[in-house]
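S.K.: missing the sequence, but the structure's below:
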């Protein structure tokens, strides 16, 4: 994959007029969003929903990595409720756009603020109020990353949890893959659609996962669930520095086992005619 290695004056724009001012009492939440091919419209919805639901003590900085520079530049210029930084990237289809996310974020790391940093899939949407304090709560002196329990595999049923440890579960089974998950480690399956942490911990995660993905690609391997498989393997090796939170941060109304959970972030239901554009 070829990536953009620099950010020029014209490739990054910061909303300056009427932008919310960051004061010393605000926490800056930097949110990476990757939107290539036909995903920029979803990113626009995500950004708009975030500005509608964020509380006043939090300043949002969206780090938008996209191949649709002209349309994204218009979004940057017209946004007045949050800060948006845009970086052009190679036009990637499925599954490269999701598999290479860790490397893409590393390439744009200079855009990150000094407080909290998160990643969100472009096709997510805020539906409940939130603030930086909600994201900071799970973090401690020893915990610097927060992962979200996958809504599709979230269950309090012991039988179901046992079955997930078998070949029926979502884990990567091939030993040659860097994402390979031995059965003894198959406990909690986390979601790749949203995760966050302190700047230092997030950067370390990106470096380690970008390396794992690159090793797999050099071996001709695409992990079973792409970036998510690598994230789950990483979690088993760094569980002491992670906290796992409820699927309310990556909710999906199609899963009945989530009844009783009040969502903050939901997966967007795509139109019936929507099709992912595959990598060439």
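M.R.: Looks like it came in fine. Please read these numbers as outputs of a predicted model, since none were measured by experiment.
S.K.: what bridges to the closest residue to residue 116 other than its chain neighbours?
M.R.: Using C-beta to C-beta, 6 or more residues apart in numbering and skipping the chain neighbours, the partner closest in space to residue 116 is residue 29 (4.9 Å). Where you see a C-beta, it was placed from the backbone N, CA and C, and this is true even at glycine. On the basis of DSSP bridges, residue 29 is bridged to residue 60, residue 116.
S.K.: so what pLDDT did residue 29 get?
M.R.: Model confidence at residue 29, expressed as pLDDT, equals 95.
S.K.: same question for residue 278.
M.R.: We have a pLDDT of 79 for residue 278.
S.K.: lowest confidence element among the helices and strands of the chain?
M.R.: When the helices and strands of the chain are compared on mean pLDDT, DSSP states H and E, helix 158-164 comes out lowest with a mean of 65.
S.K.: buried sites along the helix or strand following that helix?
M.R.: Next along the chain after helix 158-164, taking DSSP states H and E as the criterion, comes strand 190-198. Going by neighbour count (16 or more other C-beta atoms under 10 Å), the buried part of strand 190-198 is 190, 191, 192, 193, 194, 195, 196, 197, 198.
S.K.: picking up where we left off before, ok, the residue nearest to residue 116 - contacts?
M.R.: 58, 59, 60, 61, 113, 115, 116, 117, 118, 132, 135 (C-beta atoms under 8 Å, 6 or more residues apart in numbering).
S.K.: mind putting those residues in CSV, pLDDT, neighbour count and distance to residue 42 included?
M.R.: Converted to CSV, the contacts of residue 29 look like this (pLDDT from 0 to 100; neighbours: other C-beta atoms under 10 Å; distance: C-beta to C-beta, whole Å):
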residue, pLDDT, neighbour count, distance to residue 42
58, 94, 23, 22
59, 93, 21, 23
60, 95, 20, 17
61, 95, 21, 19
113, 84, 18, 23
115, 85, 19, 26
116, 95, 23, 22
117, 97, 28, 20
118, 98, 18, 16
132, 93, 20, 23
135, 96, 21, 21
